[in-house]
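Colleague: Following is a predicted model, sequence given first.
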Amino acid sequence: MSTRCLVTCEHGGNRVPAAYRRYFAGHESLLATHRGYDPGALVLARRLAGALGAPLFYATVSRLVIDLNRSLGHPRLYSEATRPASPAVRREILERHYLPYRRRVEGAAAEAIAEGEKVIHLSAHSFTPELDGEVRDADIGLLYDPARPGEAELARRWQAALKEAAPELRVRRNYPYTGKSDGFTAYLRRRFPAEAYVGIELEINQKHVAPGRAHWKKLQEILISSLVGAL
Ligand SMILES: [Zn+2]
């Protein structure tokens, strides 16, 4: 079975469309934090997609408008800024900014699978070095569902390749979140069988992210070469 890679970035930016700016009065400072977007994730996703020759799907509207990595009905699909909006406005946000993105990615996966290919979906994210006073003890996290053998195998191989290329990096599986918890990959696992769909969320510690800095560029290269070796 041949494979087709898809790269996505659900939290690529912190843009708020003009129509929804009024809901952010009093929440402006949140937008610039890790709550507003995943710094570095889109840069990395672009590099990954380029290196793999894979299509890239990304969003630059802030997750505080609507979170593309949450399922419908999740209590944090909307943030404290947009939750107070009327049901009609929330529906409009959903139809303009959530459903088209989710459908495009699901459609691309469905198309590849219908053509007999195995989809490897890489969803690029970053995490804050410290959350609620707790220092996160990892440089890189690979999130997957341990019950899906293809995902467990790819995560294990990628972790091993990273360890060989950069032993100083602490790479952890299903940390700082578990791959099974709600997310776009978790949703797609329910749509496609394990042998056809492999979904991995890549989580980078934001302490390594600084545009233009040699260290961050080097880390991107290591992530890409190790993944290519693991595939
Ligand atoms: Zn994210």
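Modeller: Noted; the coordinates are in hand. Please read these numbers as outputs of a predicted model, since none were measured by experiment.

Colleague: so where do the strands sit in this structure?
Modeller: 3-9, 56-58, 118-127, 130-131, 134-135, 140-143, 171-173, 197-205 (DSSP state E).

Colleague: Let me know the pLDDT of the nearest residue to residue 79 once chain neighbours are set aside.
Modeller: Of all residues not flanking residue 79 in the chain, residue 64 sits nearest, at 4.1 Å (CB to CB, 6 or more residues apart in numbering). From N, CA and C alone the C-beta is placed, and that goes for glycine too. At residue 64, the model reports a pLDDT of 98.

Colleague: go on, residue 212?
Modeller: For residue 212, the predicted pLDDT is 75.

Colleague: circling back: now render the strands of the chain as TSV, adding mean neighbour count.
Modeller: Output for the strands of the chain, formatted as TSV (neighbours: other CB atoms under 10 Å):
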stretch	mean neighbour count
strand 3-9	23
strand 56-58	20
strand 118-127	24
strand 130-131	12
strand 134-135	8
strand 140-143	24
strand 171-173	19
strand 197-205	25
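
Colleague: Contact distance from the ion - what residues of this structure qualify?
Modeller: Within the chain, the positions adjacent to the ion are 11, 38, 125 by CB under 5 Å from the ion.

Colleague: Let me have these in TSV, extended by distance to residue 97 and pLDDT.
Modeller: Listed next are the residues of the chain next to the ion as TSV, based on distance: CB to CB, whole Å; pLDDT from 0 to 100:
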residue	distance to residue 97	pLDDT
11	13	98
38	16	97
125	18	98
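
Colleague: before we move on, the earlier item: tell me which of the strands of the chain lies nearest to residue 26.
Modeller: Closest to residue 26 of these is strand 130-131 (CB to CB; 22.5 Å).

Colleague: Name the surrounding residues that touch that closest one.
Modeller: By CB atoms under 8 Å, 6 or more residues apart in numbering, the residues outside strand 130-131 that reach it are 136, 176.

Colleague: Can you list the strands that that strand pairs with?
Modeller: Paired with strand 130-131 in the same sheet, following DSSP bridges, are strand 134-135 (antiparallel).

Colleague: Can I get the strands of the chain in JSON lines including distance to residue 48?
Modeller: What follows is those, written out as JSON lines (distance: least, CB to CB, whole Å):
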{"stretch": "strand 3-9", "distance to residue 48": "5"}
{"stretch": "strand 56-58", "distance to residue 48": "8"}
{"stretch": "strand 118-127", "distance to residue 48": "6"}
{"stretch": "strand 130-131", "distance to residue 48": "25"}
{"stretch": "strand 134-135", "distance to residue 48": "27"}
{"stretch": "strand 140-143", "distance to residue 48": "13"}
{"stretch": "strand 171-173", "distance to residue 48": "16"}
{"stretch": "strand 197-205", "distance to residue 48": "8"}
